[in-house]
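Undergrad: Next come a sequence and a model predicted from it.
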Amino acid sequence: MTSMPVLLPPQPFDLADCVTCSNLVNISYNMYADWISAKKPAQKDFHWNPPSSEFTFSPLIWGETKELWIFKHAEPFALIASNKTQVFVVFRGTESTEDWLVDGDADQTAYSLVKNYGKVHHGFFKLYKSIRTSLLQTLKETMASTDIKQLFITGHSLGSGLSTLAVPDILNQPFIIDNTALTINHFNLASPRVGDPEFTSALNQGRANNYRVVNTSDIVPTLPPSILGRDLYQHIGTTVTFTAQYGTYAGNHNSLNSYNYALKNTLQPTAL
């Protein structure tokens, strides 16, 4: 199997922080699997038991996908984890049929939450807007409850699309603007393209350090194409690449066995 080491950027990139984000993304996938195992109960009926860890977990953040006038299905998409000095906003990736429909809704629409942020993927943005009220309120409450020094925003696959859309929205909240000592890092894993060049430029010039971790054998980061009809798409952030070829689309894209493994085995990122 083809394998090339992880190319780590200079500081302020921190590999340990990136691994922690990847670990939490995998917990978010496990949370979703627990919901599926419980036969997809409504939000009020789902009681998730998070794993024992150093983190405290918030109530889950739910969103709705509504496509083709058929689906209107609430699912748990995100969680917030915290310890005494750090908060992590974590988005899971594509799992359900409805999620795939969101991924495919690639026409662009204005990023209307913050001025001068260009255009973004319509499906991702519609889903993010269904999440944001609960997300921002939960984040505000979490930030107020502890002495937070660092904020991390992270996701995998569709979750990276959502994390990217969350960054400018979060950065423009008064409780973040007023916290000038707060360090903000965005680690997105296996992200598709999310916005046009204007969006990318505005995001890259913002307060957060943005890192895009990508397996060069993974097809998802090549989507949507950089030119889609009249729309232009451009990736955000500093790229952190590795090559891990598992022989299948799913294997190359897998959060745990491809991305998490590579970040923990940077010199030999393909499991033998």
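TA: Now that the structure is in, tell me what you want to look at. Residues are numbered from 1 along each chain as shown.
Undergrad: Give me the contacts around the helix or strand harbouring residue 212.
TA: Per DSSP states H and E, residue 212 falls inside strand 209-215. With C-beta atoms under 8 Å, 6 or more residues apart in numbering as the test, strand 209-215 has contacts from 9, 12-13, 18, 22, 160, 167, 184-191, 203-204, 221, 235-244, 252-253, 258-259, 262-263, 269. For glycine as for every other residue, the C-beta is placed from the backbone atoms N, C-alpha and C.
Undergrad: go again using 6 Å as the cut-off
TA: The contact list for strand 209-215, computed with C-beta atoms under 6 Å, 6 or more residues apart in numbering, reads 12, 185-189, 191, 221, 236-242, 244, 252, 258.
Undergrad: Just the ones of the residues you listed in helices?
TA: residue 252 (DSSP state H).
Undergrad: Please indicate which of the contacts of strand 209-215 are buried?
TA: Those of the contacts of strand 209-215 that meet the buried threshold are 185-189, 191, 221, 236-237, 240-242, 244, 252, 258, by 16 or more other C-beta atoms under 10 Å.
Undergrad: Can you list which of the residues you listed are found in strands?
TA: 185-189, 240-242, 244 (DSSP state E).
Undergrad: Now residue 254: closest residue in space that isn't a chain neighbour?
TA: residue 246 (7.7 Å; C-beta to C-beta, 6 or more residues apart in numbering).
Undergrad: Assign a three-state SS to that neighbour, would you?
TA: coil (DSSP: H, G, I helix; E, B strand; the rest coil).
Undergrad: Look up which residues are beta-bridged to the residue nearest the centre of the chain.
TA: The structure's the chain has its C-alpha centroid closest to residue 155; by C-alpha atoms, centre = their mean the separation is 2.2 Å. Counting by DSSP bridges, residue 155 is bridged to residue 91, residue 188.
Undergrad: need the contact list for it.
TA: Residue 155 neighbours (C-beta under 6 Å, 6+ apart): 91, 162-163, 188.
Undergrad: Nearest to residue 148 among those?
TA: residue 163 (18.0 Å; C-beta to C-beta).
Undergrad: Please work out how many residues are found near that closest one.
TA: 29 (other C-beta atoms under 10 Å).
Undergrad: I'd like to know how far the closest residue to it other than its chain neighbours sits from residue 34.
TA: Nearest non-adjacent residue to residue 163, counting by C-beta to C-beta, 6+ apart: residue 155, 3.7 Å away. For residue 155, the distance to residue 34 equals 19 Å [C-beta to C-beta, to the nearest Å].
Undergrad: First-to-last residue distance for stretch 218-237?
TA: End-to-end distance of stretch 218-237 (C-alpha to C-alpha, to the nearest Å): 18 Å.
Undergrad: so how far is it off the chain centroid?
TA: Distance of stretch 218-237 from its chain centroid, counting by C-alpha atoms, centre = their mean, to the nearest Å, is 16 Å.
Undergrad: Report the buried residues of that stretch.
TA: 218, 220-221, 224, 231-237.
Undergrad: Repeat that for stretch 46-55.
TA: Of the residues in stretch 46-55, those buried (16+ other C-beta under 10 Å) are 46, 50, 55.
Undergrad: Please apply the same query to stretch 17-30.
TA: 17-18, 20-29.
Undergrad: same for the host helix or strand of residue 140, what does it pack against?
TA: Take DSSP H and E as the rule and residue 140 turns out to sit in helix 122-145. The contact analysis (3 or more C-beta pairs under 6 Å, 6 or more residues apart in numbering; DSSP states H and E) places helix 122-145 against strand 61-65, strand 73-82, helix 158-171.
Undergrad: Let me have those in JSON lines, extended by mean pLDDT and distance to residue 180.
TA: Shown next, in JSON lines, are those (pLDDT from 0 to 100; distance: least, C-beta to C-beta, whole Å):
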{"stretch": "strand 61-65", "mean pLDDT": "81", "distance to residue 180": "26"}
{"stretch": "strand 73-82", "mean pLDDT": "91", "distance to residue 180": "20"}
{"stretch": "helix 158-171", "mean pLDDT": "98", "distance to residue 180": "12"}
